[in-house]
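Visitor: What follows is a predicted structure for the sequence shown.
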Amino acid sequence: YSRNVVAELPGSEFPEEIVVLGGHIDSWDVGQGAHDDAGGCLAAWHAVKLIKKLGLQPRRTLRVVMWTNEENGGHGNKAYRDTHMTELDNHVVAIESDAGVFKPQGFGFSGSAEAMDIVSEIGQLLNSIDADEITEGGRAADVAPLNDEGVPAMSLKVDGSKYFWYHHTNADTFDKVDRDELNRCMAAMAIMAFVLADLSEPLP
């Protein structure tokens, strides 16, 4: 059996309302899966770890999910959806990093126009690291089943010019991960997730 890995930072006011962020823990057999998708898991995990280390506690719960089996059927993301089906109305947004941990450029978003306006405003907080570009289209493999049920979905967008040099090859190893770019991915995930979890009203 394989399992999803889940960790939470409980919300201070609305702990039942959830902001999910994560990546997938399985990888293509021939490499280490550094960019696809261990880096994405690290970015999500350390984003929440950073928020906790800074002594910040958002109003809503931050839930890191490292989904299993993305590469071979997506059973992990479907199991998460099915397990939490009765709670999906309380899922504010689901954020995924599965495009490598290269220099972040912003986020793709799939949700209502009203929510898009809010996410775009939050995105401006990332202009100091040139990661403030918010575009349409946030679906990715592990958040798509949640988006199908009406949960807004987001994906970290990065400079993808080198992604397919390594994707699903034996070159996808950790020496290809730039520490500064990984740290910027963590920062982008931390800021976006924290603000979404700390809004006075949940994302519409």
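Guide: Great, that's in hand.
Visitor: my guess is Met154 is in a strand, correct?
Guide: Yes. Using DSSP: H, G, I helix; E, B strand; the rest coil, the assignment for Met154 is a strand.
Visitor: in terms of contact, does it touch Phe109 like I think?
Guide: Yes. Shown here, Met154 and Phe109 form a contact pair, counting by CB atoms under 8 Å, at 5.2 Å. All C-beta atoms are positioned from the backbone trio N, CA, C, and that covers glycine.
Visitor: and the longest strand along the chain, what's its mean pLDDT?
Guide: Longest strand in the chain, counting residues (DSSP state E): strand 14-24. Strand 14-24 carries an average pLDDT of 98.
Visitor: list the helices and strands it packs on?
Guide: helix 39-53, strand 60-67, strand 91-96, helix 179-198 (3 or more CB pairs under 8 Å, 6 or more residues apart in numbering; DSSP states H and E).
Visitor: and Ile51, how many neighbours does it have?
Guide: Neighbour count of Ile51, defined by other CB atoms under 10 Å: 21.
Visitor: Make 40 the first number, not 1, from now on.
Guide: Noted, 40 is the first residue going forward, which turns the last one into Ile90.
Visitor: How about the contacts made by it?
Guide: 48, 97, 101, 229, 232-233 (CB atoms under 8 Å, 6 or more residues apart in numbering).
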